[in-house]
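Colleague: next comes the sequence, and after it the predicted model I'd like to discuss.
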Amino acid sequence: MIDWQALSLSLQLATATALLLLPLAIWLARLLAWSRFPYQGAVEAAILLPLVLPPTVLGYYLLLGLGGASPLGQAYHALTGRALVFSFDGLLAASLIFNLPFAVQPMQRSFAAIPREVREAAWVSGLSRWQTFRRIELPLAWPGIAAALALTFAHTLGEFGVVLMVGGSVPGETKTIAIAIYDQAQAFNDTAAAGMSALLLALSFGAVTLVSWLGRSVLRR
Amino acid sequence: MTLVARLEQAAPIPLAADIACDSGELLALVGPSGSGKSTILRCLAGLHRPAAGHVRCGDQTWFDGGRGIDVSPQQRRVGFVFQHYALFPHLSAQANVMVALQHLPAGERAAQARQWLARTRLEGLEARRPAELSGGQQQRVAIARALAREPQLLLLDEPFSAVDQVTRRKLLRQLIELRRALAIPIVLVTHDLEEAALLADTMTVLHHGRTLQTATPDELLARPASALVARLTDQPNVFVGRVIEQSPTTDTTLIEWLGQPLRAAHHAGFAVGDSACWVVPEAAVILVREHQLDRENTLEATVSERLAWRGHATVSARVGGRHDATLSFAIGAAVAQRRGIGPGARVALQLQKAAISLTPADPPSGSAASTRSELQT
């Protein structure tokens, strides 16, 4: 039996992560693609770190960074009266961080592929920076942006280690579908585990297919 | 409308350049790679901010380092044809041109863009994207887009470098026709000296971001300001001699070269005994009969090379058998054939006195050889 509540929570988390990361990742990707600034290598490495860190290590540091003793955790408690860890908001904050490389990397490659002269041609043609972004950069970088959104969405649906460390398994609050599958498998409820696994497999396959199709359409241009 | 600019900076590319171009005139910036030609265009368009100087077009100041004025590229009304055209790859030819028509009401842009495409002979190709157009067609879309802006200044950055030779000639003709109709200053960057000489009213020679000389193409070839300018403009006949006599009354500066006297028009800038660089254009080296060797400025030489192309032959001949004393001259290929002027033939060459120009010799660091190879890269 499929845990619809966990699925719905996962979909909410994935959608919120993708939408909130979109402007932040576009800003970071353009900055990294076109600007040169001190310690750029360190900034790029920090963004890539979630790709290589064990989820438990990343989860542990996020737990420290978002916990009640941390400035962020205290500020959140002062505002809402609730703890940030083991809540949906805490999970979302963690999700934004561990998805950074999945969102920034494809976008950065897309923006870097736009020749400087094309943007300059837009400026001398009279387009403002914002018009250039909307009418020239966004359409040209769109496949990379869409790929980043699909990857972020799929990766959030499937993330397990960090979610467990930061969110635990509070039904309706932090219990995502990946955790639900783990719980069902631990309880030897193979039918439910199989059903939910197949669903996650289909969603992830769809997302990856979309990414690969978008990637090919970039190459064709 | 006149363009006047002074551009200065130390890095990333050093600049100390003076640019001036009148309305309806075409100024060609020539010089080796890395001489700052493209950076100058970017400064004029507002895409690069120099450390100091000014850019004025007509009665508008676009940049003034001292007064903190730096008008954005959007407000400068510049038409810019980039080296690789920089067309918007996701937009049709018509939409590319429409982008430059922001100054018109939205409803008029499509019709106006079609008119510009028609003027650059692109009727029927309005819906095609850049990838579906040939190199020459892409270049014409870029020109249409630059002109659609109704610019006060047109900048062309090596506009013919990415097309084949045949297309290049066609485009050159179109550009010559087009510029007659434009009453704005046009600045062309090129490393092709023939192209520059064909199109330009004035040429500015640049080296390491510094303006060396500004003159008409004919003047530049006839009277290079220095040996470096002569070499940068690919003049083949550049040599060093020594001044042995100054005679203002006979309008003569007599120089000694390879033990022979050569008469040049009088140049007061040299004292007897000074080293002087002398330059003579290919066209002023005249092939005479062997029995005329006693004429003024006539030398005996041995032909080392003959290159014929489309009825013209460029002949190189060594004076005294020396590699570093090779005179180059041009004659009709048929004449060369008839008179047996090929490698090994002995010829008598007269250098026209009035065409010999004298400039200070290169500084001893001797960067001349390297500058020539830079220009050819």
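Modeller: Perfect, thanks for sending it. Remember, it's a predicted structure, so these values are computed and weren't measured experimentally. Numbering: from 1, shown residues only, chains lettered A, B, ... in the order given.
Colleague: helices of chain B, start to end?
Modeller: B:37-45, B:73-76, B:93-99, B:106-119, B:135-148, B:165-180, B:193-199, B:217-222, B:227-232, B:333-338, B:368-376 (DSSP state H).
Colleague: could you dump those into CSV with mean neighbour count, distance to B:I186 and mean pLDDT added?
Modeller: For every residue, glycine as well, the C-beta is placed using N, CA and C. Below are those laid out as CSV (neighbours: other Cβ atoms under 10 Å in any protein chain shown; distance: least, Cβ to Cβ, whole Å; pLDDT from 0 to 100):
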stretch, mean neighbour count, distance to B:I186, mean pLDDT
helix B:37-45, 24, 11, 95
helix B:73-76, 19, 15, 95
helix B:93-99, 24, 19, 96
helix B:106-119, 16, 16, 94
helix B:135-148, 24, 10, 92
helix B:165-180, 14, 6, 78
helix B:193-199, 18, 9, 85
helix B:217-222, 19, 15, 89
helix B:227-232, 24, 22, 90
helix B:333-338, 14, 35, 89
helix B:368-376, 15, 23, 40
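Colleague: a markdown table for those, including distance to A:A122?
Modeller: Output for the helices of chain B, formatted as a markdown table (distance: least, Cβ to Cβ, whole Å):
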| stretch | distance to A:A122 |
| --- | --- |
| helix B:37-45 | 12 |
| helix B:73-76 | 9 |
| helix B:93-99 | 7 |
| helix B:106-119 | 15 |
| helix B:135-148 | 10 |
| helix B:165-180 | 23 |
| helix B:193-199 | 27 |
| helix B:217-222 | 34 |
| helix B:227-232 | 35 |
| helix B:333-338 | 50 |
| helix B:368-376 | 33 |
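Colleague: now tabulate these in JSON lines and tack on distance to chain A.
Modeller: Listed next are the helices of chain B as JSON lines, based on distance: least, Cβ to the nearest Cβ, whole Å:
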{"stretch": "helix B:37-45", "distance to chain A": "5"}
{"stretch": "helix B:73-76", "distance to chain A": "4"}
{"stretch": "helix B:93-99", "distance to chain A": "5"}
{"stretch": "helix B:106-119", "distance to chain A": "12"}
{"stretch": "helix B:135-148", "distance to chain A": "7"}
{"stretch": "helix B:165-180", "distance to chain A": "19"}
{"stretch": "helix B:193-199", "distance to chain A": "21"}
{"stretch": "helix B:217-222", "distance to chain A": "28"}
{"stretch": "helix B:227-232", "distance to chain A": "26"}
{"stretch": "helix B:333-338", "distance to chain A": "42"}
{"stretch": "helix B:368-376", "distance to chain A": "24"}
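Colleague: looking at those helices, which is closest to B:A86?
Modeller: Minimum separation from B:A86 across the helices of chain B (Cβ to Cβ) falls at helix B:135-148, 7.3 Å.
Colleague: and the closest one, what other elements does it pack with?
Modeller: With contacts taken as 3 or more Cβ pairs under 8 Å, 6 or more residues apart in numbering or on different chains; DSSP states H and E, helix B:135-148 sits against strand B:78-81, helix B:93-99, helix B:106-119, strand B:153-157, helix B:165-180.
Colleague: how about the residues of chain A by chain B?
Modeller: Taking Cβ under 8 Å from any Cβ of the partner chain, the part of chain A that reaches chain B is made up of A:115, A:117-118, A:120-128, A:135-136, A:139-140, A:221.
Colleague: buried among those residues? Need that as a selection in ChimeraX.
Modeller: In ChimeraX, a selection of the buried entries from the residues of chain A next to chain B looks like this (16 or more other Cβ atoms under 10 Å in any protein chain shown):
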select /A:117,118,120,121,122,123,124,125,126,127,135,136,140
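Colleague: so what's residue 122 up against?
Modeller: Using chain A here. A:Q131, A:T132, A:R135, A:I136, B:F88, B:V99 (Cβ atoms under 8 Å, 6 or more residues apart in numbering or on different chains).
Colleague: try chain B instead
Modeller: By Cβ under 8 Å, 6+ apart, the neighbours of B:L122 are B:A93, B:Q137, B:R140, B:V141, B:A144.
Colleague: for the stretch 251-377 of chain B, which segments count as strands?
Modeller: Counting by DSSP state E, counting those that start in this stretch, the stretch 251-377 of chain B has these strands, from start to end: B:252-257, B:260-265, B:275-279, B:285-288, B:298-309, B:312-319, B:326-332, B:346-351, B:357-360.
Colleague: nothing else from me, thank you.
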